[in-house]
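Colleague: coordinates only, sequence not included:
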């Protein structure tokens, strides 16, 4: 085993209003691994268990050769001995200490000279050297995030946990911080668990993804595999599939690798990829709003198999995107550009045709 | 003016002792997850609702020659505890206990738990977390505790009378002095002492509320321990 792979299996039952069970096992090699899931899926509980803030009921947490927790062996290292850096969503900077004092807080048992050198190095690496004498209340959101990151990284942790640390930052700032984090980790090679519920962040970070839903690992792999063909309804919603339609399987056409389904209680029938199902089964179909084509006349001679006639219910401009709701017996959400709205003279009540490629229709549980 | 100096000495001693023993108690009350902690909370708050004479009465019994504290004191120092300055300090510490513990507890509780988690994850022990995070962030509470226990001791009457009696220079505090003067119809002298006490009490409360409202921040509350 390479020296710093995180191997964890954790079971934790939480009883408050309703019983919630976190039951996961996974590995995270050096580099960024994204923990993706809707809020309430158990991502933060998982990080708390890894960090030793919450004690799992059973399980084992190992980083390289260091066993941090093992319920069978009665091993439970306290948080302060785990050498795990954890950047909370709230960042938890010490408000009464300066940026420099915050960063130096975790450095002990080394000479003052080494301390200063280490602080200096990380101040430079994260480009916050100019802020050293400021207090958290005096610096911007992005600067706070950099400070929190620096405070964690300077201790040379075995594992870095990031709980949605970059929410609320614009994409450019986020990308810059992640780039600096990657540069830092190029030499340290520690596993980094990055928790997010934002599909955009997953795309931007683009590494291994572990998808969690309702306390379980539901999917893992590259972002494309995990998020573009979600197998669970909640994951599909979180991953930005605007259209989730419950449907009934009509017939299977195995030679073609497709099956026909009827959407909800409507008369709409579409062709979707073949799945393990039987006639009469209820299935959920997930379709991205951006994957649907919109035409102002019935299209002919298309490779796409699914053409539905409908009426525009509403049009709403959001930034550089228009969100159209189209009634075809069931309501579809379709994303189009403002240019398309003008070219097709789209307006409410206008008759339109929706075009769905078979492989844009994903089956979810 | 002997009595005023005695009162100030008493209040100073009591406030200092209370700060030392109040902190661990307040820390425990703020952070323990023991379900029976309301019991200790109730005990700590008792002096708030008990008449000082009740407290003083039991303190006197405990400190008397046949009481456990009195016997212990006799064995250690060769003289009794009742009607001495030490006895007065002891009774006053009990009497002013909630005035020190409650502000400390409230301000400890107000510190964001995430900061404590962050500190632990950065390798800090509980003691280091207390010293470097909890204490500096609770300074207004510490100031309040110190000042309130000082002021409360300065103004006490019933407990002092029960435990200390009325020995000039030993246990005659300013509040008892005032009572004495009124009894012997020295209204002018009583008024002078009473006004002084009133002024001190008002100044002290102004200070506490100003610190808590952050009207201004005294330099020594801005310290950060290294």
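Modeller: Now that the structure is in, tell me what you want to look at. All of these numbers come straight from a predicted model, not from anything done at the bench.

Colleague: of all residues in chain A, which one is closest to chain B?
Modeller: Residue of chain A nearest chain B, by C-beta to the nearest C-beta: residue A:106 (3.3 Å). In short, each C-beta sits where N, CA and C put it, glycine included.

Colleague: that residue - that's part of a strand, no?
Modeller: No. Read with DSSP: H, G, I helix; E, B strand; the rest coil, residue A:106 is coil and lies in no strand.

Colleague: which non-adjacent residue is nearest it?
Modeller: Leaving out its chain neighbours, the residue that sits closest to residue A:106 by C-beta to C-beta, 6 or more residues apart in numbering or on different chains is residue B:122, at 3.3 Å.

Colleague: state the distance from the closest residue to residue B:137 other than its chain neighbours to chain A.
Modeller: Nearest residue to residue B:137, sequence neighbours excluded (C-beta to C-beta, 6+ apart): residue B:111, at 5.0 Å. According to C-beta to the nearest C-beta, to the nearest Å, residue B:111 and chain A sit 10 Å apart.

Colleague: separation between residue B:111 and residue A:4?
Modeller: Between residue B:111 and residue A:4 the distance, using C-beta to C-beta, to the nearest Å, works out to 34 Å.

Colleague: over to residue B:87?
Modeller: On the measure of C-beta to C-beta, residue B:87 and residue A:4 end up 64 Å apart.

Colleague: those two: which is more packed in?
Modeller: The neighbour comparison of residue B:87 against residue A:4 (other C-beta atoms under 10 Å in any protein chain shown) goes to residue B:87, with 25 against 18.

Colleague: ok, the more buried one touching residue B:163?
Modeller: Yes. With contacts counted by C-beta atoms under 8 Å, residue B:87 reaches residue B:163, the gap being 5.5 Å.

Colleague: mind listing the shared neighbours of the two?
Modeller: B:59, B:63 (C-beta atoms under 8 Å, 6 or more residues apart in numbering or on different chains).

Colleague: list the helices and strands the helix or strand harbouring residue B:101 packs on?
Modeller: Assigned by DSSP states H and E, residue B:101 belongs to helix B:85-110. Secondary-structure packing of helix B:85-110 (3 or more C-beta pairs under 8 Å, 6 or more residues apart in numbering or on different chains; DSSP states H and E): helix B:2-31, helix B:37-49, helix B:52-63, helix B:139-154, helix B:158-164.

Colleague: contacts only, for the nearest residue to residue B:26 once chain neighbours are set aside.
Modeller: Excluding its sequence neighbours, the residue lying closest to residue B:26 (C-beta to C-beta, 6+ apart) is residue B:104, at 3.5 Å. Each residue near residue B:104 by C-beta under 8 Å, 6+ apart is listed here: B:22, B:23, B:26, B:27, B:138, B:141, B:142, B:145.

Colleague: if we go to 6 Å?
Modeller: B:22, B:26, B:141, B:145 (C-beta atoms under 6 Å, 6 or more residues apart in numbering or on different chains).

Colleague: with residue A:131 instead?
Modeller: With C-beta under 6 Å, 6+ apart, residue A:131 has these contacts: A:99, A:139, A:143.

Colleague: run a quick neighbour tally on the residue nearest to residue A:106.
Modeller: Residue B:122 has 27 nearby residues by other C-beta under 10 Å.

Colleague: correct me, but it touches residue A:107?
Modeller: No. Using C-beta atoms under 6 Å, residue B:122 makes no contact with residue A:107, being 8.7 Å away.

Colleague: who in chain A is up against chain B?
Modeller: Residues of chain A lying close to chain B by C-beta under 6 Å from any C-beta of the partner chain are A:53, A:79, A:80, A:86, A:88, A:90, A:92, A:96, A:105, A:106.

Colleague: thought the second one was touching residue B:122?
Modeller: No. Between residue A:79 and residue B:122 there is no contact, the gap being 9.3 Å when judged by C-beta under 6 Å.

Colleague: could you pull out the helices for chain A?
Modeller: In chain A, the segments counted as helices under DSSP state H are A:43-51, A:79-82, A:99-104, A:112-125, A:141-153, A:171-188, A:199-205, A:223-228, A:233-238, A:338-343.

Colleague: least confident of those helices, on average?
Modeller: Least confident of those, judged by mean pLDDT, is helix A:233-238 with a mean of 67.

Colleague: got the phi/psi numbers for the residue nearest to residue B:137?
Modeller: Backbone torsions of residue B:111, given as degrees, to the nearest 10, read phi -70, psi 130.

Colleague: one step back: so which elements touch the helix or strand following the helix holding residue B:101?
Modeller: Using DSSP H and E, the helix or strand that directly follows helix B:85-110 along the chain is helix B:113-121. For helix B:113-121, the elements it packs on are helix A:79-82, judged by 3 or more C-beta pairs under 6 Å, 6 or more residues apart in numbering or on different chains; DSSP states H and E.

Colleague: now with 7 Å, please.
Modeller: Helices and strands touching helix B:113-121, by 3 or more C-beta pairs under 7 Å, 6 or more residues apart in numbering or on different chains; DSSP states H and E, are helix A:79-82, strand A:84-87, helix B:126-129.

Colleague: quickly run through the sheet partners of the second one, with directions.
Modeller: Its sheet considered, strand A:84-87 pairs with strand A:159-163 (parallel) by DSSP bridges.

Colleague: before we move on, the earlier item: of the residues of chain A next to chain B, closest to residue B:50?
Modeller: residue A:96 (38.0 Å; C-beta to C-beta).

Colleague: touching, the closest one and residue B:136? I think so.
Modeller: Yes. The criterion here is C-beta atoms under 7 Å, and residue A:96 meets it with residue B:136 at 5.0 Å.

Colleague: so what sits against both of residue B:122 and residue A:107?
Modeller: By C-beta atoms under 7 Å, 6 or more residues apart in numbering or on different chains, residue B:122 and residue A:107 have these common neighbours: residue A:155.

Colleague: for chain B, which spans come out with low pLDDT?
Modeller: Scanning chain B for pLDDT under 70 picks out the ranges B:1, B:215-226.

Colleague: list the contacts for the residue in it that chain A sits nearest to?
Modeller: Closest approach between chain B and chain A, counting by C-beta to the nearest C-beta: residue B:122, at 3.3 Å. Neighbour list for residue B:122: A:105, A:106, A:155 [criterion: C-beta under 7 Å, 6+ apart].

Colleague: from residue B:81, how far off is the most centrally placed residue in chain B?
Modeller: Most central in chain B under C-alpha atoms, centre = their mean is residue B:149, positioned 3.2 Å from the mean C-alpha point. Look at residue B:149 and residue B:81: by C-beta to C-beta, they are 21 Å apart.

Colleague: again, but for residue B:132
Modeller: 39 Å.

Colleague: the more surrounded of those two?
Modeller: residue B:81 (26 against 20).

Colleague: wait, that one touches residue B:87, no?
Modeller: Yes. With contacts counted by C-beta under 7 Å, residue B:81 reaches residue B:87, the gap being 4.4 Å.

Colleague: list residues touching both of those two?
Modeller: The contact sets of residue B:81 and residue B:87 overlap at residue B:63 (C-beta under 7 Å, 6+ apart).

Colleague: what is the burial count for residue 18?
Modeller: Looking at chain A here, since you left the chain open. Using other C-beta under 10 Å, the number of residues around residue A:18 comes to 6.

Colleague: oops, chain B please
Modeller: Residue B:18 is flanked by 28 other residues according to other C-beta under 10 Å.

Colleague: residues contacting it?
Modeller: Applying C-beta under 7 Å, 6+ apart, the residues near residue B:18 are B:93, B:96, B:97, B:100, B:149.

Colleague: how near is it to residue B:197?
Modeller: Counting by C-beta to C-beta, the gap from residue B:18 to residue B:197 is 20 Å.

Colleague: what about the residue nearest to residue B:163 when sequence neighbours are not counted, how many residues close to it?
Modeller: Spatially, and ignoring its direct neighbours in sequence, residue B:163 is nearest to residue B:91 (4.3 Å; C-beta to C-beta, 6+ apart). Number of residues near residue B:91 (other C-beta under 10 Å) recorded here: 28.
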